[in-house]
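**Student:** When you get a sec, could you give me coordinates for this:
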Amino acid sequence: MQKWLRLILVFFSLTRIAFAQDYPRLNQNFDLLLQELVAQQEDENLNYEDIYENLFQFYQNPINLNQATADELTALFLLTPQQIVSLLTYKSEKGYLLSIYELQAIPGFDLPTIYKILPFVTVQDVPLLQNHKALLQRIGENKNQALMLRYDRTLQRRKGYTPPDSIGSRLTSRYLGSPDRYILRYRNSHAQDFSVGFTIEKDAGEQFAWHPERRQYGADFYSGHLQIYNQGKIKTLAIGDYQLQFGQGLLLAAGFFVGKGSETITTLRRSNIGIRPFTSVLESAFFRGAALTYRLRPQLEITAFYSGKKSDASVANNPDSLNSNGGLFSGIQASGFHRTATELANKHQVGERVMGSNITFKSFDQHFSGGLMLVYTHFTQTLKRREALYNLFEFTGQENLAGSMNYSYTWQNINVFGETAISGSGGLGTINGLLASLSKNIDFSLVYRNYGRRFHTFYGQ
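**Tutor:** Numbering: from 1, shown residues only. Now for the predicted structure:
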């Protein structure tokens, strides 16, 4: 009887939506859809390439709501914690969805929300057999492959490209290369199975040359990744360049995050998305090495990661060091530009090693999740900020060990979340919040942040 009632509900849902002028949303222009989703955001520092990559993967490989886990729904970034729990509870009580239109029967799913997620989700029967083909065969046969070549050039000649004599022979400020910018990007991916790709970039003003002694290897920036998912107890294995996000981002917050905008209620809370591929051209916002998330039990996961790469910095001699290789630097240069002799001399001057682990526990009903994390960072040179009053409590040294614990609990229409961390200097940082749906038209949010002056984190936001 219950199944027949659901079929009747789906029939009336189809009849109701058929009269809507803007539905169904088929054969959509993805670029226009992306603009619609982020148009109301006020954060000028949003990485739109990251947003595009994330949503495009779901656009090409929609999430099957009958198989979707809380992590997969969270990674979509378009649903609130209350909506995710509501969907999972509905499936556990009623069984698999019969149609996409059955979402209207789930508490918390109004028509605007359904319209928003429709391009990225689907409702299909759960397959009885998995694809047992070899990984290389699945990669070779996959149809979701993308190759992008981008070229930029400013027509007006900028000051950096003028002859040395016209700028007082200041050779160190003259660009060594052409004003052409090239980006070559390839990606072959299938949602919840694998992702492989590479990126090559030359910025405007950079020289395309092969001089290993000057740290020049053709193009200026190379990046590549290989990630596989859901292989037995291995949830995610990453080799190459990757990003990490756990908890509320106090220690690890790289990757996609829609900042505070007109939809403040749904964007105050960060998602525990774990390991994801790095596909951007930002030359400092990633880890390089290997990372693994392993399922000890269905409700218990452990993540371990290691990263070793070189970063840009201006290094000076350290008069207090007995090591001839010891030096001082005031900060990592994150621009990624190597156009002038000075910028090229600062390239890859500081070695940066990062390792850590995270343990995540989730309750059977998906209402509660908690985690513990450790992150260790070591620089080959000594970080010392310039002597100034505003740098009085900034980090100084070569090593930093930080730990944190995070939690999230959803009860009916209320979600409480938070993370508290401590760094090697003893400084504390904490963020805690509450999201509540008081009615169909009223939402409430409350967030408390407190970062101690001696709290130091290099990869948090």
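
**Student:** where does the stretch 201-350 of the chain dip in pLDDT?
**Tutor:** By pLDDT under 70, the weakly predicted segments of the stretch 201-350 of the chain are 254-267, 319-325.

**Student:** same thing with the stretch 1-150 of the chain?
**Tutor:** In the stretch 1-150 of the chain (pLDDT under 70), the answer is 1-31, 33-51, 126-131.

**Student:** let's go with 80 and repeat that
**Tutor:** Within the stretch 1-150 of the chain, the set of residues satisfying pLDDT under 80 comprises 1-61, 69, 71-72, 74-77, 125-132.

**Student:** Could you pull out the strands in it for me?
**Tutor:** 63-64, 121-122, 145-153 (DSSP state E, counting those that start in this stretch).

**Student:** Need these in a markdown table (columns: distance to residue 392 and mean neighbour count).
**Tutor:** For every residue, glycine as well, the C-beta is placed using N, CA and C. Formatted as a markdown table, these follow (distance: least, C-beta to C-beta, whole Å; neighbours: other C-beta atoms under 10 Å):
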| stretch | distance to residue 392 | mean neighbour count |
| --- | --- | --- |
| strand 63-64 | 48 | 20 |
| strand 121-122 | 50 | 18 |
| strand 145-153 | 41 | 11 |
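
**Student:** In a markdown table, list those along with distance to residue 300.
**Tutor:** Below are these laid out as a markdown table (distance: least, C-beta to C-beta, whole Å):
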| stretch | distance to residue 300 |
| --- | --- |
| strand 63-64 | 23 |
| strand 121-122 | 27 |
| strand 145-153 | 35 |
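
**Student:** Please identify which of those strands is closest to residue 327.
**Tutor:** Residue 327 lies closest, by C-beta to C-beta, to one member of the strands of the stretch 1-150 of the chain: strand 145-153, at 35.2 Å.

**Student:** In terms of secondary structure, what does the closest one contact?
**Tutor:** Strand 145-153 sits against strand 180-190, with contacts defined as 3 or more C-beta pairs under 8 Å, 6 or more residues apart in numbering; DSSP states H and E.

**Student:** what pairs with the strand it packs on, and is each one parallel or antiparallel?
**Tutor:** Applying DSSP bridges, strand 180-190 is found paired with strand 145-153 (antiparallel), strand 194-202 (antiparallel).

**Student:** Looking at the ones you listed, which is nearest to residue 437?
**Tutor:** strand 194-202 (34.3 Å).

**Student:** what's next to that closest one, contact-wise?
**Tutor:** Residues from elsewhere that reach strand 194-202 (C-beta atoms under 8 Å, 6 or more residues apart in numbering): 57, 135, 138-139, 177, 180-189, 208, 219-229, 277, 279-281.

**Student:** just checking, what packs against whatever helix or strand comes next after it?
**Tutor:** Counting by DSSP states H and E, the next helix or strand C-terminal to strand 194-202 is strand 209-211. Judged by 3+ C-beta pairs under 8 Å, 6+ apart, the packing partners of strand 209-211 are strand 216-218.

**Student:** May I see the strands paired with strand 180-190 arranged in CSV, with distance to residue 450 as well?
**Tutor:** Formatted as CSV, the strands paired with strand 180-190 follow (distance: least, C-beta to C-beta, whole Å):
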stretch, distance to residue 450
strand 145-153, 42
strand 194-202, 37
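
**Student:** what residues go with each domain of this protein?
**Tutor:** Per automatic domain parsing, the structural domains of the chain span 2-39+62-122, 144-451.

**Student:** sorry, back to before: could you point out which of the strands paired with strand 180-190 sits nearest residue 386?
**Tutor:** Evaluated over these, closeness to residue 386 peaks at strand 194-202, with 30.4 Å, by C-beta to C-beta.

**Student:** How about the contacts made by residue 345?
**Tutor:** With contact set as C-beta under 8 Å, 6+ apart, residue 345 has no partners.

**Student:** Please report the distance of it from residue 175.
**Tutor:** According to C-beta to C-beta, to the nearest Å, residue 345 stands 14 Å off from residue 175.

**Student:** swap in residue 192?
**Tutor:** Here residue 192 is placed at a distance of 44 Å from residue 175 (C-beta to C-beta).

**Student:** who has more neighbours, these two?
**Tutor:** A count of neighbours by other C-beta atoms under 10 Å puts residue 175 above the other of residue 192 and residue 175, at 21 against 18.

**Student:** what's near enough to touch residue 151?
**Tutor:** 180-182.

**Student:** Nearest to residue 416, out of those: which one, please.
**Tutor:** For the contacts of residue 151, the nearest to residue 416 is residue 181 (45.9 Å; C-beta to C-beta).

**Student:** Now do the helices in this structure.
**Tutor:** For the chain, applying DSSP state H gives helices covering 2-18, 30-38, 48-60, 70-75, 81-94, 111-117, 135-141, 264-267, 341-345.

**Student:** Dump the domains of the chain into CSV; add distance to residue 53 as well.
**Tutor:** Listed next are these as CSV, based on distance: least, C-beta to C-beta, whole Å:
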stretch, distance to residue 53
domain 2-39+62-122, 11
domain 144-451, 5
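
**Student:** what's around the closest residue to residue 216 other than its chain neighbours, how many residues?
**Tutor:** Closest residue to residue 216 apart from its sequence neighbours, by C-beta to C-beta, 6 or more residues apart in numbering: residue 209 at 4.9 Å. Counted with other C-beta under 10 Å, residues neighbouring residue 209 total 13.

**Student:** List the contacts of residue 209.
**Tutor:** The contact partners of residue 209, by C-beta under 8 Å, 6+ apart, come to 177, 216, 218.

**Student:** quick one, which of the domains of the chain is nearest to residue 461?
**Tutor:** Of all the domains of the chain, the one in closest proximity to residue 461, counting by C-beta to C-beta, is domain 144-451 (4.0 Å).

**Student:** about what we covered before: could you rank the contacts of residue 209 by neighbour count and give me the top one?
**Tutor:** Counting by other C-beta under 10 Å, top hit in the contacts of residue 209: residue 177 with 21 neighbours.

**Student:** Quick one: neighbours of the residue lying closest to that residue once chain neighbours are set aside, just the number.
**Tutor:** Distances taken as C-beta to C-beta, 6+ apart place residue 207 nearest to residue 177, at 3.7 Å, with adjacent residues excluded. Counted by other C-beta under 10 Å, the residues lying close to residue 207 total 17.

**Student:** Quickly note the distance from residue 207 to residue 302.
**Tutor:** Counting by C-beta to C-beta, the gap from residue 207 to residue 302 is 44 Å.

**Student:** cool, residue 362 as well?
**Tutor:** 13 Å.

**Student:** picking that back up, report the beta-bridge partner residues of the residue nearest to residue 216.
**Tutor:** Here residue 209 sits in beta bridges with residue 218, going by DSSP bridges.

**Student:** Residue 176 contacts residue 347, doesn't it?
**Tutor:** No - contact between residue 176 and residue 347 fails when scored by C-beta atoms under 8 Å: they sit 12.0 Å apart.

**Student:** Quick one: residues in contact with stretch 436-449.
**Tutor:** Residues from elsewhere that reach stretch 436-449, judged by C-beta under 8 Å, 6+ apart: 80, 82, 108, 110, 264-265, 268, 413-415, 430-435.

**Student:** and if we set it to 6 Å?
**Tutor:** 82, 265, 268, 413-414, 431-435 (C-beta atoms under 6 Å, 6 or more residues apart in numbering).
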